[in-house]
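Trainee: Need the 3D shape of this:
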Amino acid sequence: MAAAARIAGIIALFAVLLSFYVWFTMPGALGGNFNLTDSNGRQVTQADLRAKPAAVFFGYTHCPDICPTTLFDLQNWLQKLGKSADNINVWFVTVDPERDTPQILHDYLANVSGRIIGISGPPQAVHKMVESFNIAARKVAGEDGDYTYDHTAAVLLLNKGGRLRGMIPYQEKDSIAIEQLKALADS
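Mentor: Down below sits the predicted model:
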């Protein structure tokens with residue numbers, strides 16, 4: 001009996017130490033400080049992104065396929081979550097603030113979902129915010145002065161407080177994405 005108690009104590013101590021190790025070595029909240037404008041014309045800061053669990057997608061309104069597909073997928077997944085979706089904030093951060101003003105984002109997102117909030121602002125501030133999330137976003141010149149962006153195509157899942165909980169890759173199966181969002185909503 002004493003040996004079993006000792007083993008149980010060692011296991012419990014190991015679990016506590018492992019929990020402390022994970023807590024102190026995990027990266028902190030993603031993203032630096034920012035002060036931008038949402039697609040409803042309101043000021044938005046890092047505190048808003050961290051206020052409750054969040055799904056954050058970085059893209060732009062002139063994106064030919066990845067962004068509209070992902071935004072429609074997000075709306076579909078949120079509908080399938082039902083009431084649980086109310087526990088998640090969903091953000092669409094532009095990587096192209098030169099074209100994507102808050103009003104442009106508002107009009108664009110109105111065609112997709114009333115639940116997804118866009119974020120834009122002065123280009124330098126937006127680019128700084130995008131970089132603070134370690135998002136790849138590179139402008140690619142096209143013909144006649146037009147351009148596109150190569151950018152990270154995953155939805156970041158953040159716990160309340162802004163710590164990365166996971167990601168939903170582009171074209172993830174609906175069942176897997178919904179399960180990840182449900183776990184996020186229940187966290």
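
Trainee: Near residue 81, how many other residues are there?
Mentor: Using other C-beta atoms under 10 Å, residue 81 has 17 neighbouring residues. All C-beta atoms are positioned from the backbone trio N, CA, C, and that covers glycine.

Trainee: Might one say that it is in contact with residue 178?
Mentor: Yes: Residue 81 lies in contact with residue 178 (C-beta atoms under 8 Å); the separation is 6.5 Å.

Trainee: Return the per-residue confidence for residue 119.
Mentor: pLDDT, residue 119: 97.

Trainee: For residue 119, see how far away the residue nearest the centre of the chain is.
Mentor: Per C-alpha atoms, centre = their mean, the C-alpha nearest to the average position across the chain is that of residue 56, at 1.9 Å. The gap separating residue 56 from residue 119 is 9 Å, by C-beta to C-beta, to the nearest Å.

Trainee: Low-confidence bits of this protein, can you list those?
Mentor: Scanning the chain for pLDDT under 70 picks out the ranges 1-27.

Trainee: Can you show me the strands along it?
Mentor: 35-38, 43-45, 54-59, 89-94, 116-120, 137-141, 147-151, 155-158, 164-168 (DSSP state E).

Trainee: All set, thanks.
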